[in-house]
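*Asks:* Quick one: sequence and predicted model below, then my questions.
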There are 2 protein chains.
Amino acid sequence: MSIQAVAAKAGVSVATVSRAFNFPDKVTRSTRELVERVARELDYVPNASARTLRTQRSRALGVVLPTLLNPTFAECLQGIARAAIAGGYAIIPVTTGYQLDEEERAVHLLLAGNVDGLILVVSNPSTSAALARLRSAGTPYVLAYNRHPEHPCVTVDGEAAVADAVARLVLLGHRRIAMVSGTLAASDRAQQRYRGYRKGMADAGLKAPSLIEVPFVESAVDALAGVLQAPGRPTALVCSNDLLAIRSIRAAHLGGLGVPDDLSVIGFDGIALGEDLTPALTTIAQPNDDIGRRSVELLIQAMAGGTALQADASLLLPYFFRDGESCAAARNTTATR
Amino acid sequence: MSIQAVAAKAGVSVATVSRAFNFPDKVTRSTRELVERVARELDYVPNASARTLRTQRSRALGVVLPTLLNPTFAECLQGIARAAIAGGYAIIPVTTGYQLDEEERAVHLLLAGNVDGLILVVSNPSTSAALARLRSAGTPYVLAYNRHPEHPCVTVDGEAAVADAVARLVLLGHRRIAMVSGTLAASDRAQQRYRGYRKGMADAGLKAPSLIEVPFVESAVDALAGVLQAPGRPTALVCSNDLLAIRSIRAAHLGGLGVPDDLSVIGFDGIALGEDLTPALTTIAQPNDDIGRRSVELLIQAMAGGTALQADASLLLPYFFRDGESCAAARNTTATR
DNA sequence: CGGTGAAATGTAATCGATTACATGACACCG
DNA sequence: CGGTGTCATGTAATCGATTACATTTCACCG
């Protein structure tokens, strides 16, 4: 049902119908009620395309994410969704599967779809062609989880967080601490966290930081199990995300190591599921929901002001060390020296 | 950049530009190349709203899901996304948080957004107001995971699956088998699975089927732990979904019970994460990806034919019993009698 | 009672594409 | 050379809303 139909049936002009909905106090009470009644009778729903075409705004935000199979991003998306609804915006999420060309495709798709703004989690802001394109298009955007001096970002200080985690492990008597990470090249987050790991190790005067790099998408539990068997094996792992931590725990078990008795494991992300596992995951929890929420708020605020967001609007949210059961004191400090 | 700009710069009419893209062989090779070059120079992207308004189709599918925090639906959505892209459609996912009014709001929102079709996972097809509205709107749709004789559905036979699982437990020597489920009233899937449980118990000649109903969203691990302590406690649990299974395992541990030694646990859904857990989750795996994919294919096919989908187009996909480590033979059959 | 201004409503242009129909160009044939 | 059919292109209507501007209505006042 079009606005024309409503206007005809109500015996008024289309302009009046439009006003009845958009500026209720620009029409008489009686006309407004008449129009509303007729509209309800006809099941009238304003055509979003027509409105968008005319007003040049869609009240929709695009969201570009690596994947929803990692609960981290699913949680973040929920925060985004809630905040967007609260702000009167719809969201259109698109996943890239950590692939650069998909990032570009996604941005292209969303721009063609007339979104008013974008929230994106990119692989690497410095090298992202998608971001460049976005900039030149002039559409407002915010990066979530990424961190870069020239872009507006909402995230936590991953470097400090991991350095922190290493320090905690050291306090627990661990000396041989390894990091498990996805492909470093595939994400600036992984790189930051690795930097934090090296910093943490250096701060503790520990040498030979060892990085276990596993493919991002595959499970790779078997490969991990191998490493954990080797002589001089680590007594603790810092994992670049919770999914890796979960797999590391499994790898340990497959290799006959108990967690946390023989091996401590710390994750990163703070996915809700981690609390329901056995052992409950010890992790550096990010406020995933908030990262989403604040990103939207920033964006909406900027769009209201008509200004494109600047890098200095970036937000660094606090992270939390969430204590679980996957991490314990080194069993025998001297033996591991 | 509008089509007008391209037409002006290329020195042709807008119609020609439009044709150059939509019917490449209706223009001379030279004009086509000219138009393409100019379009590239101007970064021309056709305006989706204008196109949708004129053609009355958006090439977008709406997706209504309970939540993405349950990986089951995230996996399904991925299948949907892949199939949609392959078919040239964009998707607009909306989550309802298992709330009926959100279901309605979502359908309303999507219809206003001019989607060409809908894939939805509703709470209960029989009582869904959203579905009724959808039907009257005449927009083609498919239900995923739901099962109902009057709607086109893509799912597995949850009842048979659970009956199957019970039979397996019986074969393993279990007699006291309980079911853990979310609020039955909240989902027809839970009801079907419960029916399967009762059938399985009856088939095995076992009495007093016992249902442990826990709130859908909250963790409720504590409540569960209590039940598992009681005298005459079950030796095996069939859980209505994998998240519940994971929580049940935790509850067991909290209560000092080992899984699978003291308690066997079978899940339902087959989320990928289950394979990475320790113990690896034994579960009834649904082809989540396929459920999504086939739903889209059905929908696209129907839309191509111009016909609304009928209930008899429904698909019942096969489920798989995925063997894990959370399920073992009853320790002492006589003792549990 | 006529004039005035505010409030309510109507008319029509507009957003950017698609597409039915009109026009023009050109080759081919008798 | 004129007729005719084909192919490329152009003109303008159209989709359904918003909104600037024009018009009508009407209360109120002198």
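*Replies:* Everything's here; your move. These numbers were taken from a predicted model, which means no experiment stands behind them. Numbers count the residues shown, from 1 in each chain, chains lettered A, B, ... in the order given.
*Asks:* which regions of the stretch 201-337 of chain A lie under the pLDDT threshold?
*Replies:* A:208, A:216-223, A:226, A:332-337 (pLDDT under 70).
*Asks:* ok, now how distant is whichever residue of it sits closest to DNA strand D from residue B:16?
*Replies:* In the stretch 201-337 of chain A, no residue comes nearer to DNA strand D than residue A:306, which is 14.7 Å away by CB to the nearest atom of the strand. C-betas here are computed from N, CA, C, even on glycine. As judged by CB to CB, to the nearest Å, residue A:306 and residue B:16 stand 36 Å apart.
*Asks:* ditto for residue A:93
*Replies:* Residue A:93 sits 36 Å away from residue B:16, going by CB to CB.
*Asks:* Check residue A:27 too.
*Replies:* Separation of residue A:27 from residue B:16 (CB to CB) stands at 44 Å.
*Asks:* Which of the helices or strands spans the nearest residue to residue A:315 once chain neighbours are set aside?
*Replies:* Once flanking residues are discounted, residue A:315 sits nearest to residue A:154: 4.6 Å by CB to CB, 6 or more residues apart in numbering or on different chains. Here residue A:154 sits within strand A:153-156, counting by DSSP states H and E.
*Asks:* after that strand, next one along is what?
*Replies:* Counting by DSSP H and E, what follows strand A:153-156 is helix A:158-171.
*Asks:* What ranges does chain A have for its helices?
*Replies:* Ranges of helices within chain A are A:3-10, A:14-22, A:29-42, A:48-55, A:71-86, A:100-112, A:129-137, A:158-171, A:188-203, A:221-229, A:242-254, A:288-305, based on DSSP state H.
*Asks:* Which of these has the lowest mean pLDDT?
*Replies:* Note on the helices of chain A: helix A:221-229 shows the lowest mean pLDDT, a mean of 71.
*Asks:* For residue A:212, which non-adjacent residue is closest in space?
*Replies:* Using CB to CB, 6+ apart, the closest residue to residue A:212 is residue A:180 (4.7 Å).
*Asks:* Am I right that the one you found is in contact with residue A:242?
*Replies:* No - with contact defined as CB atoms under 8 Å, residue A:180 does not reach residue A:242; the gap is 11.3 Å.
*Asks:* out of the two, which sits in the busier spot?
*Replies:* residue A:180 (28 against 25; other CB atoms under 10 Å in any protein chain shown).
*Asks:* Can you spell out which residues form a bridge with that one?
*Replies:* Beta-bridge partners of residue A:180, counted by DSSP bridges, are residue A:212, residue A:239.
*Asks:* Contacts only, for it.
*Replies:* A:212, A:214, A:224, A:237-240, A:244-245, A:248 (CB atoms under 8 Å, 6 or more residues apart in numbering or on different chains).
*Asks:* The stretch 1-150 of chain A against DNA strand D: which residues are in contact?
*Replies:* Contacts of the stretch 1-150 of chain A with DNA strand D, taken as CB under 7 Å from any atom of the strand, map to A:2-4, A:14-15, A:18-19, A:21-22, A:44-47, A:50-51, A:53-55.
*Asks:* which among those residues end up buried?
*Replies:* By neighbour count, with 16 or more other CB atoms under 10 Å in any protein chain shown, these hold A:3, A:18-19, A:21, A:44-47, A:50-51, A:53 as buried.
*Asks:* And these, which is closest to DNA strand C?
*Replies:* Looking across those and measuring by CB to the nearest atom of the strand, the closest to DNA strand C is residue A:53, at 4.1 Å.
*Asks:* Grab the nearest non-local neighbour of that closest one.
*Replies:* Distances taken as CB to CB, 6+ apart place residue B:49 nearest to residue A:53, at 4.3 Å, with adjacent residues excluded.
*Asks:* Same question for residue A:137.
*Replies:* Among residues not flanking residue A:137 along the chain, residue A:111 sits closest, at 5.7 Å (CB to CB, 6+ apart).
*Asks:* Report the separation between that neighbour and residue A:70.
*Replies:* The spacing between residue A:111 and residue A:70, counted by CB to CB, is 25 Å.
*Asks:* what does stretch A:304-323 rub up against?
*Replies:* Taking CB under 8 Å, 6+ apart as the rule, stretch A:304-323 contacts A:138, A:140-142, A:147-157, A:161, A:164-165, A:168, A:270, A:274-275, A:281-287, A:290-291, A:294, A:298-299, A:302.
*Asks:* what number of residues lie near residue A:28?
*Replies:* 11.
*Asks:* quick one on the thing from earlier: ok, and the most crowded of the contacts of residue A:180?
*Replies:* That'd be residue A:238 among these, by other CB under 10 Å, with 33 neighbours.
*Asks:* ok, back up a step: the residue of the stretch 201-337 of chain A closest to DNA strand D: neighbour count?
*Replies:* Neighbour count of residue A:306, defined by other CB under 10 Å: 7.
*Asks:* gap between it and DNA strand C?
*Replies:* To DNA strand C, residue A:306 is 18 Å away according to CB to the nearest atom of the strand, to the nearest Å.
*Asks:* can you give me phi and psi for that residue?
*Replies:* phi 80, psi -10 (degrees, to the nearest 10).
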